[in-house]
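Novice: heads up, no residue letters with this:
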């Protein structure tokens, strides 16, 4: 389809969704979903059988982002005669229980409730169309976690799942053997390496920045320098402020690594600005020269600002650098309740990664979460609900787990399994769920192959019984 | 073990259980469970590997009933080196959230919460003993439904499940193709047939009773007669009262059919009184003679009272017959919320069963439930959560579904499947989960074989990976 299909091609629906599926509370909210039915093959139209449903498990953004970006669904629906459905996650986009008061009623914001929401939307669709067709769940990132978990918890509802860049193990407490925070930052660092196409000096230069910054925290002169160099919105006063600034920069590298696509993309900014193709390479260009320290300290810091501005000032109209940021809005609540992944709390070590040693204890997380949201995270529920990694993978089926070599979330992803009914797909040149995106002439061969494998798996699932 | 093992052999534990697993509410209650560890093989004691856990999924009674009755677990734990755990279902026995005020806080009484409770108890046990051993879930009746659902929803926690007499389809709305209420009463009627060892006149005599009773509802003389004959606690005044009395009798036949064991048992009375062996046969003895109507109407009604008194007055100290009964206490709330099975609301037709035509609409159920508990049943959640029967069975594994030929709940049970990883066991001479009981010299060969199959399946599951 050209131009690319989007919400404008879809019909918009509102579902009276149960607020709490697991108690007898009888309240509802309006959940939004989009449907595209022009590709759907129906027996009534002379087709041999009714086509399947491709269901996007909305994650932590306005669902229109996923409607407009999930090319994998759009580009394969016709061949498979599928109905496309994109459901919005509760408490995101326009699917907000309690309207303006939603922040006073966040207790219903859990992934378990979201999965049950999706099961009800699907049940309603099947009933409404008087069909009982297989459903393939799709999702990227947290949406991919939902897709995999959906298959695990509702195997009779979901025939199979494409879980793209789904870090189901990115929980260093519940899955300590699979994941530690530093694993994440190691992949971000890989993005800045020559192997990933970045300037050879990039990593050493980034690594050299942090001691310079922290040294400046020791004097008011240094703090004033840093404030000026990074054009902070408020002057830096303390070591904490400097750490917060450093974290802002780290998170910029993080986002650029996730969005390290071979073409310009506004996915990671949710459409607010377009990042260049391979943004980490672009950032690293600013850090390509050798900087002779301490003489060129200021130049190095300026280069770091220019590098991170690729993301931080992607809109080109950011007047100053916010130091103490709230990361990810309401998503942070899901981190603070069930420890769904939140990289701003992941440890780094400065050795296997290009950042500085950060050691964040569960106590710190719990204290922060109580202060921010009034909840104490339950570090064990996800592990209890889904089990240890090996048994989780051995006891399910019909899931593709794909991971990109440039995507830091691969650190918490499923990279191997001995279960023949689970498919692991590696996309060495891919960033965060590149495989879900619309195909592009600049795509590496590995993502084209990954998509082919995914569609082949879907065909296999559709021709099997369950 | 002789005498039979019981709670006295076990250690008693209280678990600080989360009240709501699916929201961020941070309240807890004390959940009770019993453990027997003398059979548990441990590597530390020189065994090749740590033994499994046999876990009873407590259902709607004080858990001590299940500890003291589940011979299948006790009799096979030693050979399999298993740790025995019996967990109590929330809101039953002594595991009551909110203590005396529990009736004001019933919204947390759902089977989904109960399963999550069990997952947490098991996670805690595994951590406490530093093991990660396979768990076999056991349960009978609703406990069997829980065992099967536990395997389906927590496949990484539960290696396999013995779901004895588990009527997972006994929901005529969600599983209309599998189950209608009259199917249930047809099996009760089978218990009263010569094929099941009962007096040949029993069924026709029972069937002849109802028109007599309802005819008496038309006159005050008739109502007075009936009140006297059945020694009702309050005089019958209306047709409704007579229907309520008839329902009391029907429910007595029901309980005797469930408890139609080949030996005396107090299981169905939760230990309050002992029913004779084959209580339906005993009841039918009172209805063995031919009664010539209308002359012997009174004699027939007296015989019906004597027959049902086998259950209704099993304690021999019941002074009068309660007409308007509340069936099953708090269990009724679970019927009224998720339509978990409640036979007092199952239709009968008087043709395929020995009762009278009753047609109970969902509207009636909903009205009753709102009046009794303030909740409207959700007729679709169970079906949405577990899927249509064929897909449910095709998409899971490692479950034995056993059903007794004398057990009315077989009507809502799993009687066949083409999935080789699901085992269906028929016990033609068995009543309600006879296979779970302690073995007895009077056991029919079919239950001995059923138990053998179950243990064999457990061994297979334990030697497979997941």
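Specialist: Great, that's in hand. Nothing here was measured: the structure is a model prediction, and the numbers come from that model.

Novice: hey, what's residue A:160 bridged with?
Specialist: Beta bridges link residue A:160 to residue A:136, judged by DSSP bridges.

Novice: for the residue in the stretch 301-450 of chain A that chain B sits nearest to, what are its contacts?
Specialist: Relative to chain B, the nearest point of the stretch 301-450 of chain A is residue A:387 (2.3 Å; Cβ to the nearest Cβ). Using the backbone N, CA and C atoms, a C-beta is placed for each residue, glycine as well. Contacts for residue A:387 (Cβ atoms under 8 Å, 6 or more residues apart in numbering or on different chains) come out as A:395, B:154-157.

Novice: Pull the contacting residues for the spatially most central residue of chain A.
Specialist: The structure's chain A has its C-alpha centroid closest to residue A:141; by Cα atoms, centre = their mean the separation is 3.6 Å. Each residue near residue A:141 by Cβ under 8 Å, 6+ apart is listed here: A:59, A:164-167, A:409, A:432-433.

Novice: Among those residues, which are located in strands?
Specialist: residue A:164 (DSSP state E).

Novice: Neighbour-wise, give me the winner out of the contacts of residue A:141.
Specialist: For the contacts of residue A:141, the largest neighbour count, defined by other Cβ atoms under 10 Å in any protein chain shown, is 34 neighbours, found at residue A:164.

Novice: Redo the contacts of residue A:141 as TSV? Include distance to chain B and pLDDT.
Specialist: Converted to TSV, the contacts of residue A:141 look like this (distance: Cβ to the nearest Cβ, whole Å; pLDDT from 0 to 100):
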residue	distance to chain B	pLDDT
A:59	18	97
A:164	22	98
A:165	22	98
A:166	16	98
A:167	18	98
A:409	22	98
A:432	27	98
A:433	25	98
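
Novice: would CSV of the contacts of residue A:141 with distance to residue B:364 be doable?
Specialist: Shown next, in CSV, are the contacts of residue A:141 (distance: Cβ to Cβ, whole Å):
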residue, distance to residue B:364
A:59, 43
A:164, 49
A:165, 51
A:166, 46
A:167, 50
A:409, 53
A:432, 54
A:433, 51
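
Novice: Closest one of the contacts of residue A:141 to residue B:326?
Specialist: residue A:59 (46.4 Å; Cβ to Cβ).

Novice: Without its sequence neighbours, what residue ends up closest to residue A:272?
Specialist: residue A:315 (6.2 Å; Cβ to Cβ, 6 or more residues apart in numbering or on different chains).

Novice: same thing with residue A:389?
Specialist: Here the residue nearest residue A:389, using Cβ to Cβ, 6+ apart, is residue A:178, at 5.2 Å.

Novice: Residue A:165 now?
Specialist: residue A:433 (4.0 Å).

Novice: From residue A:259, how far out is the one you found?
Specialist: 11 Å (Cβ to Cβ, to the nearest Å).

Novice: Between these two, which contacts overlap?
Specialist: By Cβ under 8 Å, 6+ apart, no residue touches both residue A:433 and residue A:259.

Novice: quick one on the thing from earlier: list phi and psi for the residue nearest to residue A:389.
Specialist: Reported as degrees, to the nearest 10, the phi and psi values for residue A:178 are phi -90, psi -30.

Novice: Please identify the helix or strand for the closest residue to chain B within the stretch 101-250 of chain A.
Specialist: Chain B sits closest to residue A:156 of the stretch 101-250 of chain A, with a gap of 2.3 Å, by Cβ to the nearest Cβ. Assigned by DSSP states H and E, residue A:156 belongs to neither a helix nor a strand.

Novice: didn't it look like it was pressed against residue B:395?
Specialist: Yes: with contact defined as Cβ atoms under 8 Å, residue A:156 reaches residue B:395; the gap is 5.1 Å.

Novice: Would you confirm that residue A:307 contacts residue A:287?
Specialist: Yes: here residue A:307 reaches residue A:287: they are 5.4 Å apart, a contact under Cβ under 8 Å.

Novice: more neighbours, those two?
Specialist: For residue A:307 and residue A:287, the more surrounded residue by other Cβ under 10 Å is residue A:307, and the numbers stand at 28 against 24.

Novice: would you say the more buried one is within a helix?
Specialist: Yes: counting by DSSP: H, G, I helix; E, B strand; the rest coil, residue A:307 falls inside a helix.

Novice: Which pLDDT value belongs to it?
Specialist: Looking at residue A:307, its pLDDT is 98.

Novice: now it: how far from residue A:282?
Specialist: On the measure of Cβ to Cβ, residue A:307 and residue A:282 end up 8 Å apart.

Novice: And residue A:374, by the same measure?
Specialist: Distance from residue A:374 to residue A:282, by Cβ to Cβ: 40 Å.

Novice: got a list of what residue A:226 touches?
Specialist: Going by Cβ under 8 Å, 6+ apart, the list of residues near residue A:226 reads A:213, A:216-217, A:232, A:236, A:242, A:245, A:301.

Novice: from the residues you listed, which is closest to residue A:334?
Specialist: residue A:245 (25.9 Å).
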